[in-house]
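Colleague: Structure, please.
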Amino acid sequence: MKVTFPHMGNIYIPIESLVQGMGHDVVVPPMDTKRTLDLGTKYSPDTTCLPFKIIVGNLIEGIDLGADCVLMAGGTGPCRLGYYGEVHKGILEDLGKKVEFITIEPPRGNNPNFWPQLGKLFEKTNLKRFAGGCLLAWAKLNACEELELLALVVRPREREFGSTSRLLKQAFQQIKKAQSLSAVGKFREESVHAVKGLMSTSEKEKVLRVGLVGEIYTVLEPFVNLQIEERLGYLGVEVYRTISLVDWVKNHIFKQGIGLRIDQALRRSAAGYLRGFVGGHGLETVARTVDLAEKDYAGAIHILPMTCMPEIVAQAILPQISEDKHIPVLSLVVDEHTGEAGFQTRLEAFVDLLHRRERCRILG
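Modeller: The predicted model follows:
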């Protein structure tokens, strides 16, 4: 099979190695662009969220490049992600694109298709090749995330404007091409050293620390969040991304896969504001915002797609957390009509507010 899948940040890099380990060819769709968004918006229901529409565009572009199989992640609970696969399949069929559609979601008693669908992915591989693909994908995922998080620290302190982002793109391409664990490790070590070398040793103004919370796709996909991490870095802000793909894999695949609870800490942090799971990352948004306040972050930015039910619940709670915990919170709702100028203006105004607040606290 020639397998395609949707984008979300740099996840395409480890997924490519994973699918190859399963014995299939990979068709990575083009990186998200306005064309991707236009395609997705054209063929999606108006009321669906921005991630849904972008994914439709990804799949169409991947199929047009020759893919004959779509690999999608499913889900359970109030979040509508669990329905995406079937709706996407229907949209593609209406467009005359007949492809194999494999949606991987947790096995349940009423899900007789889980094992047959999983079997289709593994029918052309063996245990040794699959294990090698998994290990290589895991190494690449860790390497990419380490570099992304390091860049969040270095970017507001870089000597030359834009140098961190340029170096990061080169590093990701090296990691993508690596075909062995040793090669990934080598590129990872070299890239970490190079990114650290971009940092200035002097700071004219105190660097603010701001946490980024919200729905996982809008937090991790730069095209959807209008490169918010870069924008904040260039405004002199060190961003703390509260969502980690590495942690997500550990929690939802490994820990939850053997029946362990993964939300106890989140429930403790959210106590008094939200009593339990509301789907998606709603609980995590509330809990992480409380944690940011207690760790003395200057502020929190909540980014979410329009119509996202779990994040709308969280958004309604955040003003009370802001008041109780004395942490400024900015909520940014994105859809296909979000304009860059207005988005940038809101970020600049929020950062100015945080600087004034910080100066007032120092003067005391």
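Colleague: How far does stretch 175-193 sit from its chain's centre?
Modeller: Relative to the centre of its chain, stretch 175-193 is centred 22 Å away, using CA atoms, centre = their mean, to the nearest Å.
Colleague: cool, stretch 254-261 as well?
Modeller: 21 Å.
Colleague: quick one: secondary structure of I102?
Modeller: Under DSSP: H, G, I helix; E, B strand; the rest coil, I102 falls in the strand class.
Colleague: which ones are touching the most centrally placed residue in the chain?
Modeller: Taking CA atoms, centre = their mean, the centroid of the chain lies closest to L220, which sits 2.5 Å from it. Applying CB atoms under 8 Å, 6 or more residues apart in numbering, we find L220 in contact with M8, G9, I11, I243, L245. The way it works is simple: take the backbone N, C-alpha and C, and place the C-beta from them, glycine included.
Colleague: Next, give phi and psi for the first one.
Modeller: The reference is to M8. Dihedral pair for M8: phi -160, psi 100, per degrees, to the nearest 10.
Colleague: gap between it and E284?
Modeller: According to CB to CB, to the nearest Å, M8 and E284 sit 16 Å apart.
Colleague: mind checking how far the residue nearest to R80 when sequence neighbours are not counted is from S163?
Modeller: Distances taken as CB to CB, 6 or more residues apart in numbering place M309 nearest to R80, at 7.1 Å, with adjacent residues excluded. M309 sits 40 Å away from S163, taking CB to CB as the criterion.
Colleague: can you check L245 too?
Modeller: 25 Å.
Colleague: now swap in E146 and tell me
Modeller: Taking CB to CB, one finds E146 at 18 Å from S163.
Colleague: Ok, T36 next?
Modeller: 28 Å.
Colleague: neighbour-wise, which of these two wins?
Modeller: Per other CB atoms under 10 Å, whichever of T36 and S163 has more neighbours is T36, with 24 against 17.
Colleague: can you pull the contacts of the more buried one?
Modeller: T36 touches P29, P30, I54, G57, N58, E61, F223, counting by CB under 8 Å, 6+ apart.
Colleague: how about it, phi and psi?
Modeller: Dihedral angles (degrees, to the nearest 10) for T36: phi -60, psi -50.
Colleague: Just the pLDDT for it.
Modeller: On pLDDT, T36 comes in at 97.
Colleague: Adjust the sequence numbering to begin at 417 for everything that follows.
Modeller: Noted, 417 is the first residue going forward, which turns the last one into T452.
Colleague: any idea how far G758 is from it?
Modeller: Taking CB to CB, one finds T452 at 22 Å from G758.
Colleague: hang on, the earlier thing: how far away is the residue nearest to R496 from K418?
Modeller: For M725, the distance to K418 (CB to CB) stands at 34 Å.
Colleague: Now do A489: how many residues are near it, please.
Modeller: For A489, the count of nearby residues is 15 (other CB under 10 Å).
Colleague: Quick check: bridge partners of it?
Modeller: Beta-bridge pairing of A489 under DSSP bridges involves I520.
Colleague: pretty sure it contacts G498?
Modeller: No: if you go by CB atoms under 8 Å, A489 and G498 don't touch, sitting 9.8 Å apart.
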